[in-house]
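Enquirer: Build the 3D model from these lines:
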Amino acid sequence: MKKKILVLCTGNSCRSQMAEGYLRYFAAEKADVFSAGIEAHGVNPKAVQTMKEDGIDISNHTSNNLDEYRNLVFDFVITVCDNAKEQCPYFPNDAKKFHHNFPDPAKATGTEVEINEQFRKVRIQIKEYCKDFADSNL
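Expert: From the prediction side, this is the model:
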């Protein structure tokens, strides 16, 4: 039976979207992967672009509010920022909770090149985390 994974972030625009993309890739047929935010800010175009550079297409992802998934039972809930961990509501099932606070690339400043580089650095961190998670838990 497929596992259900929920990735949570503050706005469901960058980090959780990238993690959803990589978890879908690494989990293949072993899991259904969802992402949501405490709020829904829309999918960040730079996240889409950065993932595309690594062969993962998240252009059809939607930015979802956590409330949309209240009736689903998850096996795993992964928070990818401290704010989401602190705000994450109680899930009335036995979902295993994981947390890793990734830097928010949407807050990067500087030139276009510097901002793109920050997105790539965070992408690499998220990719490694998701591969390890899939290898260890699925």
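Enquirer: The nearest residue in space to Ile58 that is not next to it in sequence: how many residues sit nearby?
Expert: Leaving aside its chain neighbours, Ile58 sits nearest to Gly21 (4.4 Å; criterion: Cβ to Cβ, 6 or more residues apart in numbering). For glycine as for every other residue, the C-beta is placed from the backbone atoms N, C-alpha and C. Burial measure for Gly21: 28 neighbouring residues, criterion other Cβ atoms under 10 Å.
Enquirer: Give me the next element, helix or strand, following the helix or strand hosting Gly21.
Expert: If you go by DSSP states H and E, Gly21 is part of helix 15-27. Reading on from helix 15-27 to the C-terminus, the next helix or strand found by DSSP H and E is strand 31-37.
Enquirer: quick one: the helices in this structure?
Expert: Along the chain, counting by DSSP state H, helices occupy 15-27, 45-53, 82-87, 112-137.
Enquirer: and those helices as CSV, adding distance to Asn65?
Expert: Converted to CSV, the helices of the chain look like this (distance: least, Cβ to Cβ, whole Å):
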stretch, distance to Asn65
helix 15-27, 12
helix 45-53, 18
helix 82-87, 12
helix 112-137, 21
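Enquirer: Phe34: which of those is closest?
Expert: helix 15-27 (7.0 Å; Cβ to Cβ).
Enquirer: For the residue nearest the centre of the chain, list the residues it contacts.
Expert: Nearest to the mean C-alpha position of the chain, by Cα atoms, centre = their mean, lies Ser16 at 2.0 Å. Contact analysis of Ser16 by Cβ atoms under 8 Å, 6 or more residues apart in numbering lists Val7, Leu8, Cys9, Ser35, Ala36, Gly37, Val80, Ala84.
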